[in-house]
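Undergrad: I would like to see how this sequence folds:
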Amino acid sequence: MRYVRSVGRDGGLCVGKQCGMCGRSDARATVARAAHRDAMRVARVARARGVLDRVARASRCARARDASASARSSASTDARLERAPAASPASPRFRFEVLRASTRSNARAGMIHTPHGTIATPGYVAVGTNAAMKAVQGDALRRAGIDLMFANTYHLMLQPGAATVEAMGGIHAFMGRRGPVITDSGGFQVFSLGTPDRSANAKGKTKELKSRKATKHRRENLLIDVSEEGATFRSYRDGTKMTLTPESSVLSQKQIGADIIIPLDELPPYDIDRETLEESVHRSHRWMTRSLETHLKDVRQQAMYGVVHGGVDRELRRMSVEYLSALPFDGLAIGGSLGRDAAELGALLEFLMPLLPKHLPNHLLGIADMENIEHAVANGVDTFDSCYPTQVARHGTLFTRSRGRINFRRAEFRTSTEPACEECECTLCTKHTLGYLHHLDRANEPLAWSLASEHNLYHMGDKMRRVREGILNGEI
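TA: Numbers count the residues shown, from 1 in each chain. Predicted coordinates for the structure are as follows:
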């Protein structure tokens, strides 16, 4: 067996067919796994040190620009620059504090302070894909006690366009929302466009917690190419060819103006070989580093969360946490494939959560069903987003405290004069009966979706309020 080594463009050592750090693919020989891992570790350390130096310099420059806005003399500006810490790129108005850490589990209750309000944690994050809650008025979130709303950069880039949102005063003014907003990078949606053709065994794929099945927006493979530059795809709206890069994703999120933004990352499926997964993790790290550098050039009082990757591979997850923790992100999100079921997710969180920096807020991307929320909270997750509560509401499922889950489409509720939940204070439960909701649904009245969705949002808000109280009282 012949071993081939070369030097990558970042000065790191490349060994084998392709190096995850620099993307080189000209060395063709097969190498021993142990030798490859050792070389990769050396390259990662060297690169991380250089990246941290560059990001720290960019951070100091960003904070210096913020300080100079209120300082008229060069001497005053220089003094502020010398005192500015390099590891806090976000606005001083973004701050996380832990109110109480449980002694009975890893759960913790805290507050995330943002320019548009405070987020109580642990907290459910409602998903408003197109800067709107489907069939629900935005004010319902405030009344339900849900502090943070998630909007999708990918969809807003296509309609109405990030520049249009900026021209309308940013996403808060655009949608008339006073509370905090978080946007993703668009990567999840872009990589979901190519799912059918990226798996050689699509019919035999393992079902994941995060759904990647075809939607009404996708009848064919719209993901054209993935390269070091970014991802090239076609718009599901008009077929326009577009390229999403780490830089363009951040700039779009700057235009949209959310309080918390996410860097571009790659989203490999669950069924993937270890070597390909490792290459994907390294590519995501390079993309996120480029995203962070772009963000720090113009912070705009926004916070950026890094995204921990590695699928269910514990070694890769640990490596990802170590790499991202060395960079001045304002929080960390848990992304990528999170397993086949709740048991695998729970095991992953038990391993992963103790590795995350305790002083940073964290977010679980795309998971917020009832079963997994309990695992997530017990393991120390601060926030989690999902469209699941409102999605199932539109298909007939209500969450209740006293009855559990109920399907209001069942014939037994046709003449019911009872509210859905005695303990709930939503419009449905205080003004209408299950029989009326059953009628609205049978008559295809959109009001049924609105009432049911609002109810499930109230349920999520109430559940998380009780969870926070339980942590603060030492019960969880």
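
Undergrad: domain ranges for this structure?
TA: Residue ranges of the domains in the chain are recorded as 5-83, 96-386, 395-476, according to automatic domain parsing.

Undergrad: export the ones you listed to CSV and tack on mean pLDDT?
TA: Shown next, in CSV, are the domains of the chain (pLDDT from 0 to 100):
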stretch, mean pLDDT
domain 5-83, 45
domain 96-386, 91
domain 395-476, 97
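
Undergrad: what's the most buried one of the ones you listed?
TA: The highest mean neighbour count among the domains of the chain belongs to domain 96-386 (a mean of 19), with neighbours defined as mean count of other Cβ atoms under 10 Å. C-beta here means a position set from N, CA and C on the backbone, and glycine is covered the same way.

Undergrad: what about that one, how long is it end to end?
TA: Counting by Cα to Cα, to the nearest Å, you get 22 Å between the two ends of domain 96-386.

Undergrad: likewise for stretch 395-404?
TA: Stretch 395-404 has an end-to-end distance of 16 Å (Cα to Cα).

Undergrad: and for stretch 269-279?
TA: Using Cα to Cα, the end-to-end distance of stretch 269-279 comes out at 13 Å.

Undergrad: which residues in the stretch 151-300 of the chain form helices?
TA: Using DSSP state H, counting those that start in this stretch, the helices assigned to the stretch 151-300 of the chain run over residues 153-158, 162-167, 171-175, 187-192, 195-198, 246-256, 274-296.

Undergrad: quick one: the last one to helix 246-256, angle?
TA: Interaxial angle, helix 274-296 versus helix 246-256 (axes from the mean of the first three to the mean of the last three Cα atoms, to 10 degrees): 50 degrees.

Undergrad: ok, now which ones touch the most centrally placed residue in the chain?
TA: The central residue of the chain, meaning the one whose C-alpha is nearest the mean C-alpha position (Cα atoms, centre = their mean), is residue 365 at 4.1 Å. For residue 365, the set of contacting residues under the criterion of Cβ atoms under 8 Å, 6 or more residues apart in numbering consists of 184, 188, 307, 333, 334, 335, 384, 385.

Undergrad: switch those over to CSV; also include secondary structure and distance to residue 240.
TA: Compiled in CSV, the contacts of residue 365 are given as follows (DSSP: H, G, I helix; E, B strand; the rest coil; distance: Cβ to Cβ, whole Å):
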residue, secondary structure, distance to residue 240
184, coil, 21
188, helix, 20
307, strand, 27
333, strand, 29
334, strand, 32
335, coil, 27
384, strand, 33
385, strand, 28
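
Undergrad: ok, now how distant is residue 341 from residue 387?
TA: Using Cβ to Cβ, to the nearest Å, one gets 19 Å for the distance from residue 341 to residue 387.

Undergrad: and for residue 340?
TA: Computed with Cβ to Cβ, the distance linking residue 340 and residue 387 is 20 Å.

Undergrad: repeat that for residue 140.
TA: According to Cβ to Cβ, residue 140 stands 15 Å off from residue 387.

Undergrad: same check, this time on residue 222
TA: Plainly put, residue 222 is 21 Å away from residue 387 if you go by Cβ to Cβ.

Undergrad: out of the contacts of residue 365, who's nearest residue 270?
TA: When the contacts of residue 365 are ranked by distance to residue 270 (Cβ to Cβ), residue 335 comes first, at 13.1 Å.

Undergrad: so that closest one makes contact with residue 307?
TA: Yes - Residue 335 sits in contact with residue 307 when judged by Cβ atoms under 8 Å, with a separation of 4.1 Å.

Undergrad: overlap of the contact sets of the two?
TA: With contacts taken as Cβ under 8 Å, 6+ apart, residue 335 and residue 307 have 265, 365 as neighbours in common.

Undergrad: all the strands of the stretch 351-476 of the chain, residue numbers only.
TA: 362-364, 383-386, 397-400, 404-407 (DSSP state E, counting those that start in this stretch).

Undergrad: would you turn these into a markdown table with distance to residue 446?
TA: Rendered in a markdown table, the data for the strands of the stretch 351-476 of the chain read as follows (distance: least, Cβ to Cβ, whole Å):
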| stretch | distance to residue 446 |
| --- | --- |
| strand 362-364 | 31 |
| strand 383-386 | 22 |
| strand 397-400 | 17 |
| strand 404-407 | 19 |
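
Undergrad: and residue 266, which of those strands is closest to it?
TA: When these are ranked by distance to residue 266, counting by Cβ to Cβ, first place goes to strand 362-364 at 18.2 Å.

Undergrad: hmm, who's touching that closest one?
TA: Residues external to strand 362-364 that are found in contact with it (Cβ under 8 Å, 6+ apart): 125, 182, 305, 331-334, 338, 349, 353, 356, 376, 380-385.

Undergrad: hmm, try it at 6 Å
TA: When contacts are taken as Cβ atoms under 6 Å, 6 or more residues apart in numbering, the neighbours of strand 362-364 outside the stretch itself are 332, 333, 334, 356, 376, 381, 382, 383, 384.

Undergrad: okay if I get these as a markdown table plus distance to residue 313?
TA: Output for those, formatted as a markdown table (distance: Cβ to Cβ, whole Å):
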| residue | distance to residue 313 |
| --- | --- |
| 332 | 17 |
| 333 | 18 |
| 334 | 14 |
| 356 | 17 |
| 376 | 20 |
| 381 | 20 |
| 382 | 24 |
| 383 | 24 |
| 384 | 22 |
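
Undergrad: which one among those residues gets closest to residue 153?
TA: residue 333 (14.0 Å).

Undergrad: residues contacting stretch 251-267, please?
TA: If you take Cβ under 6 Å, 6+ apart as the criterion, stretch 251-267 is touched by 114-116, 153, 156-157, 162-163, 165-166, 170-171, 180-185, 187-188, 191, 246, 249, 280, 283-284, 287-288, 291, 302-305, 307.

Undergrad: do stretch 179-187 as well
TA: 114, 116-117, 119, 148-151, 153-154, 171, 244, 249, 253, 256, 258-265, 267.

Undergrad: residue 343: what's it in contact with?
TA: Contact criterion Cβ under 6 Å, 6+ apart gives no residues in contact with residue 343.

Undergrad: that one sits in which helix or strand?
TA: The secondary structure element spanning residue 343 is helix 342-352 (assigned by DSSP states H and E).

Undergrad: surely residue 158 and residue 234 touch.
TA: No - Residue 158 sits out of contact with residue 234 when judged by Cβ atoms under 6 Å, with a separation of 10.7 Å.

Undergrad: what residues are shared contacts of the two?
TA: Counting by Cβ under 6 Å, 6+ apart, no residue touches both residue 158 and residue 234.
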